[in-house]
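**Student:** got a predicted model here, sequence first, then my questions.
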Amino acid sequence: MTYSEAVAYLYAQLPVFHRVGAKAIKPGLGNIKKLCAALGNPQDKLKCIHVGGTNGKGSSSHLLSAVLQAAGYKTGLYTSPHLKSFTERIRVDGIPISENAVAHFVTQNKGLIEAIAPSFFEITVALAFDEFVRQEVDLAVIEVGLGGRLDSTNIITPLVSLITNIGWDHTDVLGDSLEKIAFEKAGIIKPGVPVVISERAAETEAVFREVATALGSPIAFASDEYVVAGISDGLEGRTLAVTHKGEAWGTLTIGLRGNYQMKNTAGVLRTLAVLENERAIPRKAIEEGFKKVVDRTGLKGRWQILEHAPLVVCDTAHNEAGLTDVFASLEQISYASLHVVVGFVKDKDLSRVIRLLPKNANYYFCAANIPRSLPVVELQALAQAQGLSGISYDSVNDAVAAAKVNAASGDCILITGSTYIVAELENL
């Protein structure tokens, strides 16, 4: 098989969550255990950091990977979904898995795949574990796909688990309360393995403490120890002032913008402090990793500035907490008028999200080219019911083009609402 044939085969044979939603999920860990057993249980040969949460888990995973690389460790990074190429999901020292490696894996394991009939995500996780062992990585940062307890990544025993935060997302799968969602996320806590929670929240703290206590896992709430504040923005990123347990820790320049990165920073620093019990992580590596996170890991789509005059920003935020932070970040910058290119997937409760959209913006409604997308006419109707005005477009790039025509040089264009909206941008 060629690479294109292999990827086409995976899409054709296996249900894919980003295309069809919850019906792509195969509950339980049976399939991934069978797959990995047939591959020699590569997950048991890895030293891992497991990262879950509702928002921030992708950025936190990339920050951890960048710091570990800067510290001299050969680092695997598994994230999902991808934006442009399937190979983005599996990286070693920031370099995506080769197309030849993907083709070889699928060709060699075609019979196994057809015998077990796993989900697309399950086979991708198995491929990642296998690749990281083949490449002999020192450490692997593994991002949870959905939830935690029954997520396919949850067959690892990590050195430390990081749970970024809990918010309303995937309620059709994870539960209809923050406590239920937290319980699913807390499923990545392993017996005796330290767990870091980026943010303390009254609704979910008891869930995490109960699970950690039952498993004998040391638990730390990063926001209790680290206070992170933005100082300034520059060409290389945002400068942050960090306080640790009431004393000045120092400053960091982070190559990612967006107010939510301050919350992620606290969780990442506390996780690195746990790792330092086993691995040397010099302060210089933390500074270098934070500053060069995009260069070292290829991260895209997190408050990414695409153009100036007008300012064009994209962000993959797609739920209440994420979009709240995106619009809070907008308040930190100056612009004349706001133009919002927006689209969502249809299997989310948008009642909370639509209310967050500012009334004083010009809207360009669109839908990504996947079956899960909320039809643009439905989105426009929901928005109009909230007093928002705008026009519908046939594609993401048509909507962006229209926004650019209408925007003056001092305006801001924000593209958001879904990972898949951002993924279809031509100039990303």
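**Tutor:** Yep, that arrived.

**Student:** report how many residues lie close to the closest residue to Phe86 other than its chain neighbours.
**Tutor:** In this structure, Phe86 finds its nearest non-sequential neighbour in Val7, 5.3 Å apart by CB to CB, 6 or more residues apart in numbering. All C-beta spots, glycine's among them, are computed from the backbone N, C-alpha and C. Residues contacting Val7 under the criterion other CB atoms under 10 Å number 18.

**Student:** tell me the mean pLDDT for the helix or strand containing Val7?
**Tutor:** Assessed by DSSP states H and E, Val7 sits inside helix 3-13. Summarised as a single mean, pLDDT over helix 3-13 is 89.

**Student:** do stretch 187-196 as well
**Tutor:** Here the average pLDDT along stretch 187-196 is 97.

**Student:** try stretch 150-166
**Tutor:** In this model, stretch 150-166 has an average pLDDT of 94.

**Student:** just stretch 243-251 next, same as before
**Tutor:** 96.

**Student:** tell me how far the residue positioned nearest the centre of the chain lies from Leu39.
**Tutor:** The structure's the chain has its C-alpha centroid closest to Gly58; by CA atoms, centre = their mean the separation is 2.8 Å. Counting by CB to CB, to the nearest Å, the gap from Gly58 to Leu39 is 26 Å.

**Student:** next: Gly230.
**Tutor:** 44 Å.

**Student:** so for these two, which sits in the more crowded spot?
**Tutor:** Leu39 (18 against 15).

**Student:** before we move on, back to that, now do the contacts for the residue nearest to the centre of the chain.
**Tutor:** Counting by CB atoms under 8 Å, 6 or more residues apart in numbering, Gly58 touches 79, 143, 299, 302, 316.

**Student:** now do Leu150
**Tutor:** So Leu150 contacts 27-29, 184, 187 (CB under 8 Å, 6+ apart).

**Student:** of those residues, which is the most crowded?
**Tutor:** Using other CB under 10 Å as the neighbour test, the contacts of Leu150 are led by Glu184, with 22 neighbours.

**Student:** sketch out the low-pLDDT regions of this protein for me.
**Tutor:** Across the chain, the ranges flagged by pLDDT under 70 are 13-27, 167-176, 234-236.

**Student:** and Arg352, how far from Ala201?
**Tutor:** From Arg352 across to Ala201, the span is 16 Å (CB to CB).

**Student:** cool, and Asp233?
**Tutor:** 28 Å.

**Student:** neighbour-wise, which of those two wins?
**Tutor:** Ala201 (17 against 12).

**Student:** quick one: residues contacting that one.
**Tutor:** Ala201 neighbours (CB under 8 Å, 6+ apart): 165-166, 178.

**Student:** which of these lies closest to Gly417?
**Tutor:** Of all the contacts of Ala201, Gly417 sits closest to Asn165, with 19.4 Å by CB to CB.

**Student:** run through the residues that contact that closest one.
**Tutor:** Shown in contact with Asn165 (CB under 8 Å, 6+ apart): 53-56, 198-199, 201, 263, 321.

**Student:** the residues you listed in helices, which ones?
**Tutor:** Under the assignment DSSP state H, those contribute 263, 321 to helices.

**Student:** re the thing from before, the contacts of Ala201 into CSV, with extra columns for secondary structure and distance to Phe129?
**Tutor:** Shown next, in CSV, are those (DSSP: H, G, I helix; E, B strand; the rest coil; distance: CB to CB, whole Å):
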residue, secondary structure, distance to Phe129
Asn165, coil, 26
Ile166, coil, 27
Leu178, helix, 31
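
**Student:** turn the residues you listed into a markdown table, columns for distance to Thr2.
**Tutor:** Formatted as a markdown table, the contacts of Ala201 follow (distance: CB to CB, whole Å):
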| residue | distance to Thr2 |
| --- | --- |
| Asn165 | 41 |
| Ile166 | 42 |
| Leu178 | 46 |
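
**Student:** of the residues you listed, closest to Phe365?
**Tutor:** Asn165 (28.4 Å).

**Student:** ok, now how distant is the closest one from Val326?
**Tutor:** Using CB to CB, we find Asn165 at a distance of 15 Å from Val326.

**Student:** kindly report the same for Met1.
**Tutor:** 40 Å.

**Student:** more neighbours: which of the two?
**Tutor:** Neighbour count, other CB under 10 Å: between Met1 and Val326, Val326 has more, with 23 against 16.

**Student:** distance check, that one against Thr87.
**Tutor:** 27 Å.

**Student:** same question, Thr204
**Tutor:** Counting by CB to CB - Thr204 and Thr87 are separated by 35 Å.

**Student:** of the two, who's got more company?
**Tutor:** Set side by side, Thr204 and Thr87 show more neighbours around Thr204, with 23 against 17, by other CB under 10 Å.

**Student:** what residues does the more buried one make contact with?
**Tutor:** Neighbouring residues of Thr204 by CB under 8 Å, 6+ apart: 166, 178-179, 181-182.
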